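1. Fold the following and give me the result.
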Amino acid sequence: MEASSKSIEVKQYTPEHLEEVVLSGPHANDAIIGRSLHLIYLKEYLKELGAQSMVIEHTYVDRDFLEDFASYYVRCLKSYERTCRRIHFFSQAFKQEDFEQLLAGETRSLTEQSLQASYLGFIVLKPLPETVIGRTCLKPYEPEERRFYPVVRTYEVHLYGLKLEIKSIAFQEQDTVTSACATSALWSVFQGTSKLYQHRVPSPVEITRLATRLSPPVSRVLPNTEGLSEWQMAQAIRAVALEPIAIGAANPFVLKAYCYAYMKSHVPVLLTVVLNDWSSGKPELFGHHAVALTGFSLPATTSPLPLRPYGMLLSATRMDKLYAHDDGIGPFARMEFEKSCLSTSWKGKDGKIGSVKAIPKGLLISVYHKIRISFLAIFNVVQDFDAFVQVCRKDTGCLGGKARLEWDIYLTTVNEVKESIRNCPVLDPTYKLSILYEHMPRFIWRATALLDGEPVIDLLFDATDIEQGDFFFRAIEYEDDLAAGLRAFSPAADIEDWMSVRPIKFVFAWLQENPLP
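-> Below you'll find the predicted structure:
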């Protein structure tokens, strides 16, 4: 049995073989693609993943490119192909003969199980002259107990009758015709929110049209050379039945706190930045840019920074890196915090990678319309409660002289809360059942107080309520010493004098109305 070379090809993975395949496109401009940051980045990325083999589908129909093709490229006088190529990568070494035997059911050295275990993902190659990197799903870097990729989802991949799975979040390069950087970033964001909130993912050309429907740019919509404004990006988010939350991100604390709070709930976050080239030793404007944030680094060895005015410790402040789908670089590109800016993998005028720095400008977060309570409202309540706990600990001696509490604040769901409670080994079974049986809202803000890495109390807030109401609905208490101290102290405390946010009264009322667990 011989497979047609036009349909499938198995090659040993090497950076040279990858470049050869990428440059062999029907209209490929070798000079531009060969020195592109995408190719440089992907070579290094696949090396880190340990790629050994690649399977090339020479004829592949990609839905997103097909829609872009039908909207624009098919109308060109020059004939552009409608089909793409797709390259699959594996950390297992095998040859074409091994793969064909597996397809034919002659299981020998290569099995479906071993193929799945070694699967690293795929890259779609578009039949364009320069911007060839299409829909790409690659495995993230290994966590190493500090990297977190909470926004990844499972993609099913069908390969000649084989069904493979990859946990990732899709990426693609902007083509500067049907999409710009903001469109590509939104497309990656929608890959995550579509799984969370069950909406359709528009193609890049459709995102561009949705964004500019009510506010077209000064120049023409297609080709999309001007990019999208923040207002236009918000319109695209509303077009998929989600609500945009716009946050200024110049303050590193704000950036870290909001990114952590929403990304931990599996929501990719869009970050807008100003790129400055430092090749000459001083900043020169490089351009405005947008990326989809897909992960972060949170080293356990780093201490959280105390926040003014009360010295509250927030887990999110330990964040030292962000990982972004940067359409000018590649998937899961590292952006490290450096004082008031972020590092990038862009090249400056000096030709060196890293010469360009990103100054955070704003965040655009896409949420379900029923999520009404903001992160800031929760943070204010928790900050006051933390200050109260500090007074309580000094007065009653609860928790002894141990270190200050560290707060982990993030958006979550009732299912995730109850799953964590069910699997918690320290809670009393009767108490655990009372929590599991309780009716809770679908979306929940969870603020967990940690002491030496272990939870001592959870504050749960109804994310679907209104801020004028009592959106705190219960605490989960893990530490008897703190629970007793809070109840002994709160009636005598004159909390009205220092309390800055009205909802905290509901926390104290709940503590008094509910006996010790």
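2. State the number of residues packed around Lys282.
-> 8 (other C-beta atoms under 10 Å). For every residue, glycine as well, the C-beta is placed using N, CA and C.
3. name the element it belongs to?
-> Lys282 belongs to no helix or strand when assigned by DSSP states H and E.
4. how close does it sit to Trp346?
-> 17 Å (C-beta to C-beta, to the nearest Å).
5. what does His58 give?
-> 32 Å.
6. if you count what's nearby, which of those two comes out ahead?
-> Neighbour comparison, His58 and Trp346: the larger count goes to Trp346, with 22 against 17 (by other C-beta under 10 Å).
7. ok, for that one, nearest residue in space, not its chain neighbours?
-> Val356 (3.8 Å; C-beta to C-beta, 6 or more residues apart in numbering).
8. same deal with Leu307?
-> Leu314 (6.2 Å).
9. can I assume the one you found is in contact with Pro304?
-> Yes - counting by C-beta atoms under 8 Å, Leu314 touches Pro304, with 5.8 Å between them.
10. tell me, what's touching the two both at once?
-> Glu406 (C-beta atoms under 8 Å, 6 or more residues apart in numbering).
11. List the residues that contact the residue nearest to Leu307.
-> Phe253, Ala257, Pro304, Leu305, Leu307, Glu406, Trp407, Ile409.
12. now do Glu112
-> Glu112 touches Leu102, Leu162, counting by C-beta under 8 Å, 6+ apart.
13. And it, how far from His88?
-> 14 Å.
14. Could you do Ser184 as well?
-> On the measure of C-beta to C-beta, Ser184 and His88 end up 22 Å apart.
15. okay, those two: which has more neighbours?
-> Shown here are Ser184 and His88; by other C-beta under 10 Å, Ser184 has more neighbours (24 against 21).
16. Looks like that one contacts Ser203 (just checking).
-> No - the pair Ser184 / Ser203 is not scored as a contact, 11.4 Å apart, by C-beta under 8 Å.
17. wait, the residue nearest to Trp346 sits on Leu275?
-> Yes - counting by C-beta under 8 Å, Leu275 is a contact partner of Val356 at 5.3 Å.
18. got any residues that touch both of the two?
-> Joint contacts of Val356 and Leu275 (C-beta under 8 Å, 6+ apart) are Phe286, Thr344, Trp346.
19. ok, of these, which one's closest to Glu81?
-> Trp346 (30.4 Å; C-beta to C-beta).
20. In the chain, spot the helix with the most residues.
-> Secondary structure of the chain per DSSP state H: the longest helix is helix 375-396.
21. and it, what other elements does it pack with?
-> Applying 3 or more C-beta pairs under 8 Å, 6 or more residues apart in numbering; DSSP states H and E, one finds that helix 375-396 contacts helix 252-263, strand 312-314, strand 406-413, strand 443-451, strand 454-462, helix 480-489, helix 504-513.
22. any low-confidence regions in the stretch 201-350 of the chain?
-> Within the stretch 201-350 of the chain, the segments meeting pLDDT under 70 span 216-226.
23. go again using 50 as the cut-off
-> 218, 220-224 (pLDDT under 50).
24. What segments of it are helices?
-> 204-212, 230-239, 252-263 (DSSP state H, counting those that start in this stretch).
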